[in-house]
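> The following comprises the amino acid sequence and a computationally predicted model.
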Amino acid sequence: MNSPANVIAPRPRLVADVGGTNARFAWQHQSGCEIVDGQTLPCADYASLADAIGAYLARLGRPAPLDCAIAIANPITGDQVRMTNHHWAFSISALKAQCGFDRLRVLNDFTALALALPHLPADELRQVGGGTPVAGTPIALIGPGTGLGVSGLVPDGRGGWIALEGEGGHATLGGRTDRETAVLRQIDVQYGHASGERAVSGQGLVDVHEALQKIDAPGNLVRSMTAAEIVHGALEQGNGTCVEAVDLFCAFLGTAAGNLALTLGARAGVYIGGGIVPRLGDAFARSPFRSRFEVKGRFQDYLAAIPVYVIHAKQSPALLGAASALDA
């Protein structure tokens, strides 16, 4: 029996998944334990990430732990982090000192989500077409939310995975039909670049909906709607412009996901994260997504075999991925 002096005390961790709209926080009592005490805080309610961390710890009535891992919707290229879709900006080293962390790991949110993919339970995945995954081949990940996240997993040759860190959501998006090209031209005029994120995200759905109105009724007053209102108008009310906007959103996502699958050779599957697609429910399976995913000329059969999984997680999987980054 171990004496009390030989017992290793638990080393709890704070884990976070920070997006452009919400910051999700949770607690892990030590490596390998269940992630618990999850709470979601609106980013707009706090002046800084440090303030949001402090608010979460105050709600729990706990001091800052020694270890923290933060998955954030932003490229991590050095000590300074400035969010793409929110005003928060911080120094990693300064945040570590301010909060009193002994270890602070900051990584891209979709890199963290990619790290969680092998551990997702089957009941949190909904397959949309394709066959069975091919073991030992790469996995692709893409997901529209406040922005468009892109990542993937590549086998490391030793039975594990290497998570990719990139900003594929900002790659240029192309239209396949005249209608799509016209919509993307409107978006390009508005932003100076028609990237995947500009069409396949919450704001992207809004901009696609408004672009359709400008094309069909030039000079008329554009009716502005939120992404949630557009989805409701499409699924519950059958509004024609809303239906077309959602269909175009799904088609553009199919184009981007198919490109990613070809680029990575992702025959182990393509996973769709983010908060928008799960809300579409069965309508997503009936949308143009799958046909657009596969229509790649001579590689249609190649893509037709690749399974696509929509993640329907009860808790943000990026929290699990962030925790696993502390174990690396």
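Yep, it's here.
> Could you use CA atoms for every contact and neighbour count after this?
OK.
> mind checking how far Val36 is from Ala112?
Distance of Val36 to Ala112, given as Cα to Cα, to the nearest Å: 17 Å.
> Tell me which of the two has more neighbours.
Between Val36 and Ala112, Ala112 has the larger neighbour count (other Cα atoms under 10 Å), namely 29 against 13.
> Just to check, the more buried one is in contact with Ala69?
No - using Cα atoms under 8 Å, Ala112 is not in contact with Ala69, being 9.7 Å away.
> who touches both of these two?
Taking Cα atoms under 8 Å, 6 or more residues apart in numbering as the contact rule, Ala112 and Ala69 both touch Ala322, Ala325.
> residue ranges with poor pLDDT in the stretch 1-150 of the chain?
For the stretch 1-150 of the chain, the stretches flagged by pLDDT under 70 are 1-8.
> what secondary structure does Leu221 sit in?
coil (DSSP: H, G, I helix; E, B strand; the rest coil).
> Tell me how many other residues surround it.
9.
> Tell me how far Leu235 lies from Ser287.
Distance, Leu235 to Ser287, using Cα to Cα: 12 Å.
> typo on my end, Gln98
Counting by Cα to Cα, the gap from Gln98 to Ser287 is 48 Å.
> The two: who's more crowded?
Taking Gln98 and Ser287 together and counting by other Cα under 10 Å, Ser287 has the greater number of neighbours (18 against 10).
> Excluding sequence neighbours, find me the nearest residue to that one.
Asp247 (6.0 Å; Cα to Cα, 6 or more residues apart in numbering).
> Which strand or helix spans that neighbour?
For Asp247, the host element (DSSP states H and E) is helix 240-264.
> Summarise which helices and strands that helix is packed against.
strand 139-144, helix 196-199, helix 202-216, helix 227-235, helix 289-294, helix 300-304 (3 or more Cα pairs under 8 Å, 6 or more residues apart in numbering; DSSP states H and E).
> following that helix, which helix or strand comes up?
Later in the chain than helix 240-264, the nearest helix or strand by DSSP H and E is strand 270-272.
> Pairing partners for that following strand, with directions?
strand 139-144 (parallel), strand 308-311 (parallel) (DSSP bridges).
> Can I get the shortest one as CSV, trimmed to CA atoms?
Listed next in CSV are the C-alpha coordinates belonging to strand 308-311 (Å, rounded to 0.1, in the frame of the first residue of the first chain):
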residue,chain,number,x,y,z
VAL,A,308,-19.2,12.1,-44.1
TYR,A,309,-20.2,12.4,-40.4
VAL,A,310,-22.1,15.3,-38.9
ILE,A,311,-21.1,15.8,-35.2
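> Tell me the gap between it and the middle of its chain.
12 Å (Cα atoms, centre = their mean, to the nearest Å).
> buried residues in that strand?
For strand 308-311, the neighbour count (16 or more other Cα atoms under 10 Å) marks Val308, Tyr309, Val310, Ile311 as buried.
> Would you format those as TSV with pLDDT and distance to Val134 included?
Shown next, in TSV, are the buried residues of strand 308-311 (pLDDT from 0 to 100; distance: Cα to Cα, whole Å):
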residue	pLDDT	distance to Val134
Val308	98	12
Tyr309	98	14
Val310	98	18
Ile311	97	19
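> any chance of the strands paired with strand 270-272 in a markdown table, with distance to Gly131 too?
Listed next are the strands paired with strand 270-272 as a markdown table, based on distance: least, Cα to Cα, whole Å:
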| stretch | distance to Gly131 |
| --- | --- |
| strand 139-144 | 14 |
| strand 308-311 | 9 |
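> For Ile215, which of those strands is the nearest?
Nearest of the strands paired with strand 270-272 to Ile215, taken as Cα to Cα: strand 139-144 at 24.4 Å.
> So which elements touch the next helix or strand after that closest one?
Next helix or strand after strand 139-144 toward the C-terminus (DSSP H and E): strand 148-155. The contact analysis (3+ Cα pairs under 8 Å, 6+ apart) places strand 148-155 against helix 109-116, strand 139-144, strand 161-163.
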